[in-house]
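Peer 1: One predicted model, sequence on top.
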Amino acid sequence: MGKGRTFDDRAAASSRAATPDVPDTSPATEQVLAAATLTLDTLRPDVAQQVHSYTPMLTQRDLTTSAWERLAPLVRAAVVCAEPSSIKVAKDMFSTALSLTLHARSRRMPLLAERVFHPSTADAWLATISEASRHPRGSHCRALSAGIDAALDGRLPTRAVSGSTDTGDDLGDDLGEGAEGATTLAPLLMTASAPSRQTISAAGLDSAAGRDLMATLHLIRTQVLSVEPHAMRVEERATGKGRAVPYGDVEVAALLAAAATQRSTKRRLHVGAAVALGLGAGVTGERASAVRGTDITHRDGILTVATTKGTAIVHDAFAETLTTAAGHAGHGWVLGGGNGRVLRMSQLAVGLAGTDPRLVRLNSARLWATWLAVHATRGVPLRDLLTASGLTSTTAFDQVMPYLPPTTSRGAVLLAGRTGDDPASTTTAVAS
Amino acid sequence: MTAAPAPLVGPKLVFDRATVRRVEQLIDTSGLVEVLEPLLPTGGRPRDLSLRTLLVGLGLTAASNTNLYVTTLHQVLLSLPTPTQRRLGVAWTDRHGRNQVLTLRRVEHLYGRLSALVDGSVYFAGARLEEDQRAERDRRLDLLTQLLLDASLPADWASEGHIAVDATLMDANSHPVHTLRKRQIAKAAARAVKKGKASDLESLLSTDSQLAKVLGIPHFGEDPDVDDAAIKRLRRATRRAADPDAATIVSKGALRHAYAAHLAVSIPSEAHTAARLAHEDDVRAAAAAGRAVRVPKPEPEPLFVLGLDLTASTASPAKTCVNLTTRLVNGLDPTTAGVDPAAVPATRSLPEGDLLADRGYSDAVPADFHHPLRQLGRRLVFDLHNNHRGVNGHHRGALLAFGNLYSPGIADYPALITRNTPSPFAPWAEWQQYFTDAELRAKYRLHANGRPDAAGYVRLGCPAQIRRATVACGVRNTAHLAGVKGLDIIFNPPTAPRPDVCTKSSLTVPPDVVARSMDLEWGSRAWYDSYVRRRPRVEGVNGIVKNPAFAALEHMNIRVRGRAKVSLFTAFALAIANLRAADRWHAAVAKVRAFNAALTAAPKPRAARRPASPAAPKRPDLAGTTSARAP
């Protein structure tokens, strides 16, 4: 037909030839580049020199000089925003940042700082590298992402805030602590609205014990929000900060609902058991990973869990979930695993955390804090609480004390040395 | 003065006995005589020239690679050896003992009768016929063409069902439609441009009274209404072409009055192409490494013309392609052609397979091309017009681009949905990037949930759904797969109210929306290997049939007029080209088989000996040494 030639759009070809490798611009990327310029002055001189002079092994990277020159501003800005504390850290971060940028380029992603150094992009890249490199590279990725987030939030560099640019050889502060200078707030995980009836039903908390638990959690949430409105900011989930903040009723319902909607039965059981052990029995972390199906037994109508630090009692609201999981696990681990390797709670958390940007992150410390806060609020005697939690001192209570609701009427009665038979008098006492 | 180069094959009017026998065999196998003889007029004087001889003569004329005149047909028959002439009835002895030979008058007469049988044109033999009668003759022409081409295919070859369709222009024996008036207007306009005056028709007529007089509007400018009517008449006025069945078009900058010969050509399968590429890669690797070739060569796929449809050059290519493919797939219909079904020999039907066509065909509306061909069981592989590349719209939240529906999240990756393509002369690296882009883009395509139904409706679902996720998306709770499987993440999924594509497991998509969707991603390496490496074979056929060294359809070789007569000669020329292609194919297959047999029989080189394991440390030879003795 004379029209059979393919790819004959010569006019379009010239525009295409101009596109590759050019870092796209966006307001966020501009902001990151500007922030990097400011932050560079706060770095140690030798680190700053390293940032200036870094050039990758171009042939190994299959890069031309011109291609590197186009990518360099973005890579340098990301590394500077992560504030490397030493030359070695800076070199490692450069390597990771460049790999991440090249990965993004190979996926034809716009080379924008907020996209290239997005945690999901990092996750996708980490899945392509060898397992041995994943942990150190993952650490660098998180630092780079946190640096970009900090730059986008308009936070001043940590070192500038602390006023000490010479921090010596401390290699561990790359992740940074400082959210003190936060100006822009991301959405809170804890919302003021209560979970709907449907959510509670989906979470399996519509029994009498569940309703009682939810009432307590509602009190805790109210207290958390009043004490610390920004208790859990979205970007802090990646760094694990605020881990001792107890979950509220909204978050617990969301966690259980997420567990119930996992993609396989096995995974639903494992995640459900993790949540139930943590919230229902205060068994988290290594203690939870080591629990086998046979360790969960009924004694005098109460579900108990035999752990390495003694026997824990399970809250009735979670008894059914845990019994089912134990029945499936048998002699195996309740949280899953095989071939002699237990599945850690953090591994289960990976799947949960990624499902929705606004979803609550499964965190062992928060589960434990919630359990402690619930039972402290409900007035479980201190000695029983210490025994059940396997603790020998009350030091750990410091973390959750600020989040405990105000004194209850029952507490007031007890403090007054009465038996609690005269509710009217105690109510008046609490109100005053 | 330099001598003109000698032609590769000159006009050849004298044929050896084997060629004549072969053409006779072609005519006999096709069954044309049995089909057409009963339709010829009967009564009157008995004919001296048989239909079979005329058809053999047509075949020989087509084999002569020279001008396709009726006079040439007469000359060819008279050039046959005398015994052959007598056997075919070209020469005979009458009852008075006188030697008679065929006259041109008798050839022209029977040729006219034959062409009238298949001529449904309103301008030629079908002028006084009803519409259904003309349609019947058109069907008869299709039947004749198909019988002839089918008979020309070798018995030891079977089609795999893959065809490429393309059209080549064949100039009609007629000047383009270009009236004298138009020519005068063009000349006057050229003069006006030279003088720097306006060159539109009204200005020309108002300034040039001589031109107005010649064009039959001597009083131009006196009455605007009369002027308008006159100009309208003028624009409509054309001189009828000598061959009105053809049409005038502008092709490659020239005005041509031509037919379009739509050819369906056999092409190899994708697996065959892959095997050929593997062999070629191995040949290169072997040359570089200085070793013998290891990968066998696949047997070549012949270059046969399976179907022909001759239309005016301006006829819809898509509809013609559908007609042609329908005929190839469903077989012939003798009833609609008005012939005796018992006389029509069985022809091969095309099995299910690929149909490759360029943008001249695929740029049609789906109802004219994509839908009917898919209903015929064709897997379409085609090129996309530039207008259908890039983003073209949305359907229930999904992005319509490159003929396919994609997840709306692909908007996060604008480089994947750009309509820019590398130039044909771009570096290979740029092309590789282009292929990679298409493969990355394919991950965002909505997943098909089963095959389309009978009406072409298909169920398509979001590609981020957990079961077959190819991208990771928070809306579908698969964001974690970015880390688990390394999937691309959708950064900005649609916000509330979310479109159907984000909330429903599958959408029922009408056929018109995804008509231009192929199973292969347009622009991908797989598509390139399927389309760009296979379709050009049809261009090769176009070249072969117009090359005087191989066939008789050189430019302006056909000197007859009317679609029926031109089709008749073209069909014979293509049938002869098929016979020659079969010869070449047999020779090539023999060569490849010999090559592969040698490859198999060659002694396999032994695997390289493994490097010796680290030997145990040799004991030092202590004999005769004193220093090694224990103290």
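Peer 2: Good, I have the coordinates.
Peer 1: Which secondary structure state does B:A337 sit in?
Peer 2: coil (DSSP: H, G, I helix; E, B strand; the rest coil).
Peer 1: ok, it - contacts?
Peer 2: B:136, B:139-140, B:142-143 (Cβ atoms under 8 Å, 6 or more residues apart in numbering or on different chains). Backbone N, C-alpha and C define where each C-beta goes, glycine included.
Peer 1: right, and out of those, which lies closest to A:P27?
Peer 2: B:D142 (64.9 Å; Cβ to Cβ).
Peer 1: Would you mark the buried spots in the top strand by length along chain B?
Peer 2: What stands out as the longest strand in chain B, according to DSSP state E, is strand B:254-266. Judged by neighbour count using 16 or more other Cβ atoms under 10 Å in any protein chain shown, the buried positions of strand B:254-266 are B:256-266.
Peer 1: just checking, B:A167 touches B:G360?
Peer 2: Yes. In this structure, B:A167 is within contact of B:G360 by Cβ atoms under 8 Å, at 7.0 Å.
Peer 1: the more surrounded of the two?
Peer 2: Set B:A167 next to B:G360 and count neighbours by other Cβ atoms under 10 Å in any protein chain shown: B:A167 wins out with 28 against 22.
Peer 1: Against which helices or strands is the strand or helix carrying that one packed?
Peer 2: Element membership for B:A167 (DSSP states H and E) is strand B:163-171. Counting contacts by 3 or more Cβ pairs under 8 Å, 6 or more residues apart in numbering or on different chains; DSSP states H and E, strand B:163-171 is packed against strand B:254-266, strand B:305-312, helix B:317-330, strand B:353-357, helix B:359-362, helix B:536-545.
Peer 1: quick one: buried residues of stretch B:53-63?
Peer 2: Taking 16+ other Cβ under 10 Å as the criterion, stretch B:53-63 shows B:53-63 as buried.
Peer 1: my bad, stretch A:81-93
Peer 2: Buried residues in stretch A:81-93 (16+ other Cβ under 10 Å): A:81-86, A:89-90, A:92-93.
Peer 1: cool, and stretch B:15-24?
Peer 2: B:15, B:19-20, B:22-24.
Peer 1: what's next to that stretch, contact-wise?
Peer 2: Counting by Cβ under 8 Å, 6+ apart, B:52, B:56, B:59-60, B:63-64, B:76, B:79-81, B:84, B:576, B:579 sit against stretch B:15-24.
Peer 1: List the strands paired with the top strand by length along chain A, with their directions.
Peer 2: For chain A, the longest strand by residue count, based on DSSP E, is strand A:302-307. Strand A:302-307 pairs in its sheet with strand A:296-299 (antiparallel), strand A:310-313 (antiparallel), by DSSP bridges.
Peer 1: Show me which residues of it are buried.
Peer 2: Buried, per 16+ other Cβ under 10 Å, within strand A:302-307: A:303-305, A:307.
Peer 1: Please apply the same query to stretch B:345-357.
Peer 2: B:347, B:350, B:353-357.
Peer 1: Just send the buried residues of stretch B:53-63 back as CSV, with secondary structure and pLDDT too.
Peer 2: Output for those, formatted as CSV (DSSP: H, G, I helix; E, B strand; the rest coil; pLDDT from 0 to 100):
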residue, secondary structure, pLDDT
B:T53, helix, 96
B:L54, helix, 96
B:L55, helix, 96
B:V56, helix, 96
B:G57, helix, 95
B:L58, helix, 95
B:G59, helix, 94
B:L60, helix, 93
B:T61, helix, 92
B:A62, helix, 92
B:A63, helix, 91
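Peer 1: For the stretch 151-300 of chain B, just list every one of the helices.
Peer 2: B:180-195, B:201-207, B:209-214, B:224-236, B:270-289 (DSSP state H, counting those that start in this stretch).
Peer 1: Please disregard the earlier target; I meant the stretch 1-150 of chain A.
Peer 2: A:10-17, A:27-40, A:45-53, A:58-61, A:65-81, A:87-106, A:113-116, A:119-126, A:131-153.
Peer 1: Output the below-cut-off pLDDT ranges for the stretch 1-150 of chain B.
Peer 2: B:1-12 (pLDDT under 70).
Peer 1: give me the residue from it nearest chain A.
Peer 2: B:T145 (19.8 Å; Cβ to the nearest Cβ).
Peer 1: now swap in the stretch 51-200 of chain B and tell me
Peer 2: B:A167 (5.1 Å).
Peer 1: what are the bridge partners for that residue, then?
Peer 2: Beta-bridge partners, per DSSP bridges, of B:A167: B:H262.
Peer 1: residues touching it, list them.
Peer 2: Taking Cβ under 8 Å, 6+ apart as the contact definition, B:A167 lies against A:1, B:260-263, B:317, B:320, B:360.
Peer 1: Can you add pLDDT and distance to B:V545 and give the residues you listed back as JSON lines?
Peer 2: Below are the contacts of B:A167 laid out as JSON lines (pLDDT from 0 to 100; distance: Cβ to Cβ, whole Å):
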{"residue": "A:M1", "pLDDT": "50", "distance to B:V545": "15"}
{"residue": "B:A260", "pLDDT": "96", "distance to B:V545": "14"}
{"residue": "B:A261", "pLDDT": "96", "distance to B:V545": "8"}
{"residue": "B:H262", "pLDDT": "97", "distance to B:V545": "13"}
{"residue": "B:L263", "pLDDT": "97", "distance to B:V545": "8"}
{"residue": "B:P317", "pLDDT": "96", "distance to B:V545": "18"}
{"residue": "B:T320", "pLDDT": "97", "distance to B:V545": "18"}
{"residue": "B:G360", "pLDDT": "93", "distance to B:V545": "18"}
